[in-house]
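Peer 1: Could you look at this predicted model? Sequence included:
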Amino acid sequence: MSSHDQPELTPPPGSILAVSVGNTRVQLGLVTGLDVGPVRTVGSDDPSALAASAAELIEGVEGDAPDAVLLASVNQPAADAISAALRERLGMPVERFGPSLPVPLATDLPEPSKVGQDRLLAALGAFATANQACIVVDAGTALTVDFVDGSGVFHGGAIIPGGQLMLLALHEHTSALPDLNLVDMPDPLEPFGKSTEHAMFLGVRAAIRGSVRYLAERYADYYEAYPQIVATGGDAALLLGGDELIETMVPDLVLRGIAAARARYAAGFDNHDADG
């Protein structure tokens with residue numbers, strides 16, 4: 001198989017627990033075939049509580065229980081603790097994406113192994129969802145805007161400070177701007193920021209949406225067509241909700257990427273194909 005040939009996704013038998021460990025949040029979802037659900041989102045700072053939540057999730061599902069955990073992480077210290085807690089609580093093996101289990105996605109990158117697993121899995125989930133060229137917007141601690149072509153090849157993209165990081169930087173690097181929490185952003189925002197807090201929130205939302213729009217136009221110019229835009233991430237609804245540029249909002253996109261990765265390996269994807 002060449003690096004740009006994509007295997008047909010065939011749902012593998014059985015089910016697994018898919019886990020996506022971010023910098024502050026963890027998503028847990030049961031994967032059966034290519035279907036994901038139900039899904040829970042919990043904090044990443046308490047592995048024991050997270051493992052208990054995973055056990056409750058599994059106990060509440062009818063039918064066969066998952067027989068393994070498949071975990072992806074951008075936060076390796078947290079992932080180590082979470083993996084150990086899941087193994088102890090659930091009594092099942094925990095497999096992790098990494099050097100021995102790369103994300104099965106063709107890339108056009110010089111060093112694909114250095115790209116965050118969350119970006120690659122979100123791209124894989126977006127392509128499996130859209131089945132066409134797409135721009136993948138992930139709004140979390142950082143904002144990433146990546147491009148996948150019509151053959152499912154990941155071309156890279158841009159990394160931008162997320163909304164909360166922007167607010168934090170404004171507070172920490174000025175003498176008078178307040179410490180704000182992104183979740184307190186009013187909706188809708190008035191056209192003009194008539195208070196300092198409102199002006200900061202408005203500036204952050206404008207920066208995020210403007211970045212996405214600029215990059216989407218840049219990628220479309222390169223591709224000579226306008227790809228579908230798929231958004232995900234814990235802050236996506238707050239920062240991008242209602243923006244007509246966003247065609248599809250998929251909260252569990254990384255988990256869908258894990259499901260698609262599992263199916264690709266079942267279809268015979270060669271690890272070397274992920275090296276571009």
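Peer 2: Nice, thanks for sending it over.
Peer 1: low pLDDT regions in the stretch 151-276 of the chain?
Peer 2: Counting by pLDDT under 70, the stretch 151-276 of the chain shows low-confidence ranges at 270-276.
Peer 1: For it, just list every one of the strands.
Peer 2: Counting by DSSP state E, counting those that start in this stretch, the stretch 151-276 of the chain has strands at residues 154-161, 228-232, 248-249.
Peer 1: In this structure, where's the longest helix?
Peer 2: When the chain is parsed with DSSP state H, its longest helix is helix 196-223.
Peer 1: And it, what's buried?
Peer 2: Residues of helix 196-223 classed as buried: 197, 200-202, 204-205, 207-209, 211-212, 215-216, 219-220 (neighbour count, 16 or more other CB atoms under 10 Å). Yep, even glycine has a C-beta here, placed from its N, CA and C like the rest.
Peer 1: Give me the buried positions along stretch 183-194.
Peer 2: Using 16+ other CB under 10 Å as the test for burial, stretch 183-194 gives Met185.
Peer 1: then that stretch to CSV, C-alphas only?
Peer 2: C-alpha atoms of stretch 183-194 as CSV (Å, rounded to 0.1, in the frame of the first residue of the first chain):
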residue,chain,number,x,y,z
VAL,A,183,-16.6,30.2,30.2
ASP,A,184,-18.0,33.5,31.6
MET,A,185,-18.1,35.0,28.1
PRO,A,186,-21.6,36.4,27.5
ASP,A,187,-23.5,35.2,24.5
PRO,A,188,-24.4,37.0,22.4
LEU,A,189,-21.6,39.5,22.5
GLU,A,190,-22.6,43.1,21.7
PRO,A,191,-20.9,44.7,18.7
PHE,A,192,-18.8,47.0,20.8
GLY,A,193,-16.9,46.2,24.0
LYS,A,194,-18.2,48.9,26.4
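Peer 1: From the contact counts, what lies against the strand or helix carrying Ala72?
Peer 2: Assigned by DSSP states H and E, Ala72 belongs to strand 69-73. Contact here means 3 or more CB pairs under 8 Å, 6 or more residues apart in numbering; DSSP states H and E; on that basis strand 69-73 packs against strand 15-21, helix 76-90, strand 94-96, helix 117-130, helix 253-266.
Peer 1: tell me what the longest one is packed against?
Peer 2: Just to be clear, that refers to helix 76-90. Secondary elements touching helix 76-90 (3+ CB pairs under 8 Å, 6+ apart): strand 15-21, helix 47-59, strand 69-73, strand 94-96.
Peer 1: Let me have those in CSV, extended by mean neighbour count and mean pLDDT.
Peer 2: Below are the helices and strands packed on helix 76-90 laid out as CSV (neighbours: other CB atoms under 10 Å; pLDDT from 0 to 100):
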stretch, mean neighbour count, mean pLDDT
strand 15-21, 25, 94
helix 47-59, 17, 93
strand 69-73, 24, 94
strand 94-96, 17, 93
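Peer 1: what's the closest of the ones you listed to Pro38?
Peer 2: Smallest distance to Pro38 across the helices and strands packed on helix 76-90 (CB to CB): 6.7 Å, for helix 47-59.
Peer 1: Next, the angle from the closest one to helix 76-90.
Peer 2: Here the directions of helix 47-59 and helix 76-90 differ by 50 degrees (axes from the mean of the first three to the mean of the last three CA atoms, to 10 degrees).
Peer 1: Touching helix 47-59 from outside, list them.
Peer 2: 17, 19, 26, 28, 30, 38, 40, 42-44, 65-66, 69, 78, 81-82, 84-86, 88-90 (CB atoms under 8 Å, 6 or more residues apart in numbering).
Peer 1: and those residues, which are buried?
Peer 2: Among the contacts of helix 47-59, those buried by neighbour count (16+ other CB under 10 Å) are 17, 19, 26, 28, 30, 42, 44, 66, 69, 78, 81-82, 85-86, 89-90.
Peer 1: Setting aside sequence neighbours, what's the nearest residue to Gly116?
Peer 2: Leaving aside its sequence neighbours, Gly116 sits nearest to Val74 (CB to CB, 6 or more residues apart in numbering; 5.0 Å).
Peer 1: who touches that neighbour in this structure?
Peer 2: Residues near Val74 by CB under 8 Å, 6+ apart: Val21, Gly22, Asn23, Gly116, Gln117, Asp118.
Peer 1: Looking at pLDDT only, which of these scores worst?
Peer 2: Among these, Asn23 carries the weakest pLDDT, at 83.
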